[in-house]
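> Here is a sequence together with a model predicted from it:
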Amino acid sequence: MFRAKQWIYRLIKYLLVRPEPVFDPTLTGKIVAVVGSAPQANMPANMDDTYRIVTINGSQHTVESWGVAKPHITIMQYNQIEGLNTNAREVRRILRGRETGTLYLMLWRHGRRQLEQGLRAFDYRCDNLEIIDRYRRVSLVRKVSGVLNFELDASTKYSNGIIAALLALNSNASAVILSGIDPSSAGHAYNHVGLARKHSAPDMNMIRRLIKLGMPIFTADPNVSEATGLPLWQPVPRT
């Protein structure tokens, strides 16, 4: 009963707010690599400075090994800023002293000043800072996939890697390449803690839906291609 009431409440608020889905013009017409923190993350074939790099939480550690010091975009969950669990502490550790272009902070519940103070606490810098609330996130998912999902609990929530892919698709990227985003993986590339990964079922369902819709989405990881059906990224040779 509570879950049904919660769903109805969020539906009513969603209809009243009529949120705009997130759109980033810097991704329009670009090949976008969305890089997660799964233990296996391959650099996309032929990647050069025309690609736009989107990192998720602590995956900036991965792209640094590719020679990318500053991603164009980073997507981070609210809990990474002040959370005390192991994952949040590890993300802050790996990002200390680093910077990004635009930081999209998901589901932050406090004021902007507190967020800025939280970022300064671990010396993380960005050129632009944007807070994405629950309903803009829902609107983005619905706009790209047609799915209305209020993410009521962990069993229905998408990972920020999938949200990043949807952001790129909504922004009219010419191609979206997933790397280090594997619904079936465990652990993170930036540590050896071996934390369990969440979102596996919702992520897999969304990937299959995007494939069915004919979206220009690929993976750089052969194991993910085999497991999900995503085509392996093979760029057209340049003439």
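On my side now, so go ahead.

> make it CA atoms for all contacts and neighbour counts henceforth
Will do.

> So for the longest helix along the chain, what gets flagged as buried?
Ranked by residue count, the top helix of the chain under DSSP state H comes out as helix 2-17. For helix 2-17, burial by neighbour count (16 or more other Cα atoms under 10 Å) applies to 7, 11, 14.

> Repeat that for stretch 61-69.
Across stretch 61-69, burial judged by 16+ other Cα under 10 Å covers 61-63.

> One more: stretch 202-214?
Buried, per 16+ other Cα under 10 Å, within stretch 202-214: 202-204, 206-207, 210-211.

> residue ranges with poor pLDDT in the chain?
Along the chain, segments meeting pLDDT under 70 span 185-199, 237-239.

> which residues in it form helices?
So, for the chain - with DSSP H - the helices run 2-17, 60-64, 79-82, 86-95, 112-121, 134-145, 160-170, 200-212, 222-228.

> which stretch among those comes nearest Leu103?
Counting by Cα to Cα, Leu103 lies closest to helix 112-121 out of the helices of the chain; the figure is 10.6 Å.

> May I have the closest one as CSV, with CA atoms only?
C-alpha atoms of helix 112-121 as CSV (Å, rounded to 0.1, in the frame of the first residue of the first chain):
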residue,chain,number,x,y,z
ARG,A,112,24.1,24.6,-3.3
ARG,A,113,26.4,26.2,-0.8
GLN,A,114,26.6,23.0,1.2
LEU,A,115,27.4,21.1,-2.0
GLU,A,116,30.1,23.5,-2.9
GLN,A,117,31.6,23.2,0.6
GLY,A,118,31.5,19.4,0.3
LEU,A,119,33.4,19.5,-3.0
ARG,A,120,36.0,21.8,-1.5
ALA,A,121,36.4,19.4,1.4
